[in-house]
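*Asks:* Kindly generate the corresponding structure for this input.
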Amino acid sequence: MGLDIRIPIGLMFVIFGVLVGGYGLATGGSEIYQRHSLGMNINLWWGLAMLAFGAVMLVLGRRGTGAMRSSEISPEGRAIEESEHQRGVEE
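*Replies:* Numbering: from 1, shown residues only. Model prediction:
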């Protein structure tokens, strides 16, 4: 089964990271950050953190999908690969 939960989670975090980070960029000089977050643009930093996490999840999800063939996973798959190699019908 080719379902890998890291890809949709990565997409979700990338989208939210862009939205929150974009809002942080748009309101960068606003007074709301002076009163509530000690002058730190918290939306920008959390947006960047979510964007980075989403990118890592996407990379890990893409790297894990289809990385191993069935012959690399099971002894039966390796035996089939070996017999196909001996007969000359390997893919």
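
*Asks:* which of the residues in the host helix or strand of Pro8 are buried?
*Replies:* According to DSSP states H and E, Pro8 maps onto helix 6-26. By neighbour count on 16 or more other Cβ atoms under 10 Å, the buried set for helix 6-26 is Arg6, Ile7, Gly10, Phe13, Val14, Phe16, Gly17, Val20, Gly21, Gly24. (Glycine included, C-beta is placed from N, CA and C.)

*Asks:* max-length helix in this structure?
*Replies:* Ranked by residue count and defined by DSSP state H, the top helix of the chain is helix 42-64.

*Asks:* buried stuff in that helix?
*Replies:* Asn43, Leu44, Gly47, Met50, Leu51, Phe53, Gly54, Met57, Leu58, Gly61.

*Asks:* Would you check how far apart the closest residue to Gly21 other than its chain neighbours and Val14 are?
*Replies:* Leaving out its chain neighbours, the residue that sits closest to Gly21 by Cβ to Cβ, 6 or more residues apart in numbering is Gly47, at 2.4 Å. Distance, Gly47 to Val14, using Cβ to Cβ, to the nearest Å: 10 Å.

*Asks:* how distant is the longest helix of the chain from the center of its chain?
*Replies:* 7 Å (Cα atoms, centre = their mean, to the nearest Å).

*Asks:* and that helix, what other elements does it pack with?
*Replies:* helix 6-26 (3 or more Cβ pairs under 8 Å, 6 or more residues apart in numbering; DSSP states H and E).

*Asks:* Quick one: mean pLDDT for the helix it packs on?
*Replies:* Mean pLDDT, helix 6-26: 96.
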